[in-house]
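Here you go, sequence then predicted model.
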Amino acid sequence: MVADMIGNLGSPATGVVVTGGASGIGRACARALAAVGRPVAIWDVAGDAAAASAKQCAEAGVATHATALDVRDRDAIQAAAAETLGALGSIGGLVHAAGIVRPALTDVVDTDTWDDVLAINLRAEADIVVALLPALRAAGPGAAVVGISSIEGLIGHGGIPSYTASKHGLIGLTRSLAHRLGPDGIRFNAVCPGFVETPMFLPAIEARPEARARYEAKVPLGRLAQPEDIGRVVRFLLSDEAAYVNGAAIVVDGGVTAAGGQELVG
Ligand SMILES: NC(=O)c1ccc[n+]([C@@H]2O[C@H](COP(=O)([O-])OP(=O)(O)OC[C@H]3O[C@@H](n4cnc5c(N)ncnc54)[C@H](O)[C@@H]3O)[C@@H](O)[C@H]2O)c1
């Protein structure tokens, strides 16, 4: 078993719910967690891909579960919380990685897709925390939540207003819940990735032949992130190694924002 080889890196043995775990960053988080022995549940609107992701995680020898659900659906979240607790036996962590991005190509603000973006990227984390709270409290010390924000949670991107608002909001929610639920022993943090090679980001680098090189040139480390670069940081934040990290927004962008990061468009 992989977990036997690399140790558990300070990870509790409790289960983790990963939204958006069927693809990209969410899938990499789930696999990183499974590799250190944590049971994982994949919640994703893409049901078949969620099941495939859970199957990959199970190869590490951990309990897994997959649920096809739309994180905009509060009733489905409540049902999934109960079902997942039954399947994994405990829930001591949440990664909210489900997300969408919608451009404002013709109008200044993408008002037509605003509600969907905000509901999926931001409101869902609040709804899921409410649904999982009894289980997170029962999991005892070490329970933790990580929301996948973005560098657009820190700086403004004129091409994607609703996305930028949702990612700033996720950091605000993180800080509020860190304050509110820290006394209960539940930590809340956000991760702010830069340019990550996933299906969400691919259209940006496939748009023009030179686009990849232009993005890479904006990264002081000289390369785009792989989903695993983010998954390892999320795993750390869910582990006891991060026992005193609460209410933080951790930037994982290869130095894009450190170097200014204000020229994100195109
Ligand atoms: N790729 C990047 O460069 C990048 C950078 C910063 C932040 N992020 C954030 O990381 C997170 C993961 O993105 P990714 O790049 O892995 O994209 P992705 O498209 O590969 O994965 C997103 C996942 O979310 C799921 N999803 C979408 N809407 C859903 C809904 N209503 N209910 C349930 N699941 C839903 C999709 O099915 C998919 O599996 C997102 O929140 C995204 O905003 C991505």
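In hand now; what should we look at?

where does the stretch 151-266 of the chain dip in pLDDT?
262-266 (pLDDT under 70).

Quick check: phi and psi on Arg72?
Note on Arg72: its backbone torsions stand at phi -80, psi -10 [degrees, to the nearest 10].

Now the phi/psi pair for Pro193, please.
Taking degrees, to the nearest 10, you get phi -70, psi 160 for the backbone angles of Pro193.

residues in contact with it?
Listed by Cβ atoms under 8 Å, 6 or more residues apart in numbering, the contact set of Pro193 reads Ile25, Ile148, Ser150, Ile151, Ala225, Asp229, Ile230, Val252, Asp253. Quick note: C-beta positions are derived from backbone N, CA and C, even for glycine.

And Gly7, by the same measure?
So, once contact is read as Cβ under 8 Å, 6+ apart, Gly7 ends up touching Val36.

Mind exporting the C-alpha coordinates of the longest helix anywhere in the chain to PDB?
Counting by DSSP state H, the longest helix found in the chain is helix 161-181. Only the C-alpha atoms of helix 161-181 are listed here, as PDB (Å, rounded to 0.1, in the frame of the first residue of the first chain):
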ATOM      1  CA  PRO A 161     -16.100  39.300 -12.800                       C
ATOM      2  CA  SER A 162     -18.400  36.700 -11.200                       C
ATOM      3  CA  TYR A 163     -15.500  34.200 -10.800                       C
ATOM      4  CA  THR A 164     -13.300  36.900  -9.200                       C
ATOM      5  CA  ALA A 165     -16.100  37.800  -6.800                       C
ATOM      6  CA  SER A 166     -16.800  34.200  -5.900                       C
ATOM      7  CA  LYS A 167     -13.100  33.600  -5.200                       C
ATOM      8  CA  HIS A 168     -12.700  36.700  -3.100                       C
ATOM      9  CA  GLY A 169     -15.900  35.600  -1.300                       C
ATOM     10  CA  LEU A 170     -14.500  32.200  -0.500                       C
ATOM     11  CA  ILE A 171     -11.600  33.800   1.300                       C
ATOM     12  CA  GLY A 172     -14.100  35.900   3.300                       C
ATOM     13  CA  LEU A 173     -16.100  32.800   4.200                       C
ATOM     14  CA  THR A 174     -12.900  31.000   5.200                       C
ATOM     15  CA  ARG A 175     -11.900  33.700   7.600                       C
ATOM     16  CA  SER A 176     -15.400  34.000   9.000                       C
ATOM     17  CA  LEU A 177     -15.700  30.300   9.700                       C
ATOM     18  CA  ALA A 178     -12.200  30.100  11.000                       C
ATOM     19  CA  HIS A 179     -13.300  32.700  13.600                       C
ATOM     20  CA  ARG A 180     -16.600  31.100  14.300                       C
ATOM     21  CA  LEU A 181     -15.600  27.400  14.400                       C
END
